[in-house]
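Participant: Turn this into a model:
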Amino acid sequence: MDLPENVRIFAQIAIPHEKLRTGMDVEVIEGVVRLDKDGNPAMLSYMFKAVE
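Facilitator: Reported below is the predicted structural model:
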């Protein structure tokens, strides 16, 4: 995603592939990308989510 401030963000997409469309509006959220051995969040990262 290219932001107006000349910042480019790469992130995982938190949208089911059947709902993903070119040009759709998305927002940046924080999401869990890795769990520890006990199932607790161990790593967070940016993700893209569809704007509702």
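Participant: Isn't residue 33 up against residue 45?
Facilitator: Yes. Between residue 33 and residue 45 there is a contact at 4.7 Å, judged by CB atoms under 8 Å. In this view, the C-beta of every residue, glycine as well, is placed from N, C-alpha and C.
Participant: What pairs with the strand or helix carrying residue 45, parallel or antiparallel?
Facilitator: Secondary structure assignment for residue 45, by DSSP states H and E: strand 41-50. If you go by DSSP bridges, strand 41-50 pairs up with strand 12-13 (parallel), strand 26-35 (antiparallel).
Participant: out of those strands, which comes closest to residue 41?
Facilitator: Residue 41 lies closest to strand 26-35 among the strands paired with strand 41-50, at 4.5 Å (CB to CB).
Participant: what does the closest one rub up against?
Facilitator: For strand 26-35, the external contacting residues (CB atoms under 8 Å, 6 or more residues apart in numbering) are 1, 9, 11-15, 41-51.
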